[in-house]
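K.L.:
let me see the structure of the following:
(2 chains)
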Amino acid sequence: GAVVSQHPSWVICKSGTSVKIECRSLDFQATTMFWYRQFPKQSLMLMATSNEGSKATYEQGVEKDKFLINHASLTLSTLTVTSAHPEDSSFYICSATLAGVHEQYFGPGTRLTVT
Amino acid sequence: AQSVSQHNHHVILSEAASLELGCNYSYGGTVNLFWYVQYPGQHLQLLLKYFSGDPLVKGIKGFEAEFIKSKFSFNLRKPSVQWSDTAEYFCAVNVYNQGGKLIFGQGTELSVKP
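P.N.:
I've put the predicted structure just below:
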């Protein structure tokens, strides 16, 4: 149980275009989803916290107009990287949690390369 | 601000050696503590977690960790490592009443030589 999927697993896009990454909880309803960014050989940095039906809460330094997060249902959250640039190339990981459960269940991640 | 510190950036061990990875956090309130492992090319997996009770917790694959509240530490241990333990290890802290946010340490890369 508690499986989280991400789509796509990797994507290459041209500079200036937008890319959407999906995060789904497959066998449970996720009250909260989190989006992380991981650079090579580095730790996960929380970008934003997303609750179903409400606006995402962004961490300090994360541009909310650049990284659009939508959590339209209890099983789906999306991260859209708008007007992507090469410096946005990274590994994006989502996680999901249930109400009252402190453990997060992580997706496999999406590798974004912006050329 | 809360932070999590992992002392070792890269640890190299031979098979059968004992492992201890340090993790310290800076927060005086109630916390939940986690160790995650990321094998090469794979996603994060939970090794073990501490919420309350016995401060010595046992996880999967023979790992254990001890929560020492007075030292703000949650060190990971394994008595005898295997080549298959080669991976990146992350300590993480969830601060009570902060919406479930996890704060990750910098990670420790473990390389086990066969």
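K.L.:
how about the residues of chain B by chain A?
P.N.:
B:32, B:34, B:36, B:42-46, B:49, B:51, B:90, B:94, B:99-107, B:109 (C-beta under 8 Å from any C-beta of the partner chain). Heads up, the C-betas are built off the backbone N, CA and C, glycines and all.
K.L.:
try 10 Å this time
P.N.:
By C-beta under 10 Å from any C-beta of the partner chain, the residues of chain B that approach chain A are B:1, B:4, B:6, B:9-10, B:31-32, B:34, B:36, B:38, B:41-46, B:49, B:51, B:88, B:90-92, B:94, B:96, B:98-107, B:109.
K.L.:
low-confidence stretches in the chain?
P.N.:
With no chain named, the answer covers chain A. Residue ranges of chain A with pLDDT under 70: A:1.
K.L.:
could you do chain B instead?
P.N.:
Residues of chain B that meet the criterion pLDDT under 70 lie in B:1, B:97.
K.L.:
what segments of it are strands?
P.N.:
Counting by DSSP state E, chain B has strands at residues B:4-6, B:10-14, B:19-21, B:23-25, B:31-38, B:45-50, B:56-58, B:64-68, B:73-78, B:87-95, B:102-104, B:108-113.
K.L.:
phi first, then psi, for the residue of chain A positioned farthest from its centre.
P.N.:
Relative to the centre of chain A, the most outlying C-alpha is that of A:G100, 21.2 Å out, by C-alpha atoms, centre = their mean. In terms of degrees, to the nearest 10, the main-chain angles of A:G100 are phi 80, psi 0.
K.L.:
was I right to think A:L98 contacts A:V4?
P.N.:
No - counting by C-beta atoms under 10 Å, A:L98 does not reach A:V4; the two are 11.6 Å apart.
K.L.:
the two: which is more packed in?
P.N.:
The neighbour comparison of A:L98 against A:V4 (other C-beta atoms under 10 Å in any protein chain shown) goes to A:V4, with 25 against 18.
K.L.:
before we move on, the earlier item: any residues in contact with both of A:L98 and A:V4?
P.N.:
A:S25, A:F28, A:A30, A:Q104, A:Y105 (C-beta atoms under 10 Å, 6 or more residues apart in numbering or on different chains).
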